[in-house]
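A.B. asks: Need coordinates for the following:
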Amino acid sequence: TDSGGGENIAFLDSGDYTEYNIYVSSSSQYTLDARVASEWSTGQMDVKVDGSSLTLVNIPNTGGWQSFTTVSKTLSLNAGNHKLRLEFPGGGFNLNWLSFSIESGNVPTNLPTLSPTRTPTGFPLTKRPTEVPTASPTKPVTKSPSALPTKSPTRAPSLTK
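C.D. replies: The predicted model follows:
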C-alpha cells in the first residue's frame, strides 16, 4: 500500500473510466495531483470536464504495482458544478488518490470537491485524509450473488407425485 494507506483503483485497463460530480467554487488554474503506481510505462489518464479533454497524463513506470509516485498537471477549471471523467486509454496502472490545489497567486475560497457517480469494479477512490477534495461513493457497491445471505426453506419440497 501507499504511505498514506487506504485502497486504490487497481488493474486499470484501456477503456476503463470513472466519473465524479465536482463543485468548483472559484474559476482558476489548478494543479491536479494523481498518486499512481505501475510496473509498465504505457498508462495514460485523460482528464475530462463536462466532456472536454483538459489534459492527458502519462503514467510512468514506478517499479511496482504498489510503488506510488505523484504526477501533476495544470488545468483551468470554471466555477460551478461539473462532471469530472477520468478515462484510461492506456491501462496498466493503479490510482490511489487525486487532489486539486490552487496555482500560486490564485486564491479561491474553496477547492473543488469530488463525489463519484459510480465505483469502478468495486474499488473506491481514496486519498490521504488531510487532502481536499474528498470522494465518497454515491451508489453502494453491489455484492455478487455468492456474497448475499441465503434463506433456508421452511419446509422440504415433496418428492412424491
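A.B. asks: What's the separation between the closest residue to E103 other than its chain neighbours and K48?
C.D. replies: Nearest residue to E103 in three dimensions, chain neighbours excluded: Q29, at 4.0 Å (C-beta to C-beta, 6 or more residues apart in numbering). All C-beta atoms are positioned from the backbone trio N, CA, C, and that covers glycine. The gap separating Q29 from K48 is 17 Å, by C-beta to C-beta, to the nearest Å.
A.B. asks: Between the two, point out the one with more neighbours.
C.D. replies: Neighbours were counted for Q29 and for K48 using other C-beta atoms under 10 Å; K48 has more, 17 against 13.
A.B. asks: count of neighbours near T18?
C.D. replies: When neighbours are defined as other C-beta under 10 Å, T18 has 24 of them.
A.B. asks: If I look at it, what pLDDT would I see?
C.D. replies: We have a pLDDT of 95 for T18.
A.B. asks: does it have beta-bridge partners, and which?
C.D. replies: Beta bridges link T18 to L86 when assigned by DSSP bridges.
A.B. asks: ok, A34 touching D46?
C.D. replies: No: A34 is not in contact with D46 according to C-beta atoms under 8 Å; the separation is 11.9 Å.
A.B. asks: And the two? Which one has more around it.
C.D. replies: More crowded of A34 and D46, by other C-beta under 10 Å: A34, with 21 against 16.
A.B. asks: Which strand or helix spans the more buried one?
C.D. replies: Element membership for A34 (DSSP states H and E) is strand 28-38.
A.B. asks: That strand pairs with which strands, parallel or anti?
C.D. replies: Looking at strand 28-38 with DSSP bridges, its partner strands are strand 64-77 (antiparallel), strand 93-102 (antiparallel).
A.B. asks: closest to S41 out of those?
C.D. replies: Of all these, the one in closest proximity to S41, counting by C-beta to C-beta, is strand 93-102 (9.3 Å).
A.B. asks: hmm, back to that, quick check: buried residues in the strand holding A34?
C.D. replies: 28, 30, 32-38 (16 or more other C-beta atoms under 10 Å).
A.B. asks: related to what we said a few turns ago, shared neighbours, A34 and D46?
C.D. replies: V57 (C-beta atoms under 8 Å, 6 or more residues apart in numbering).
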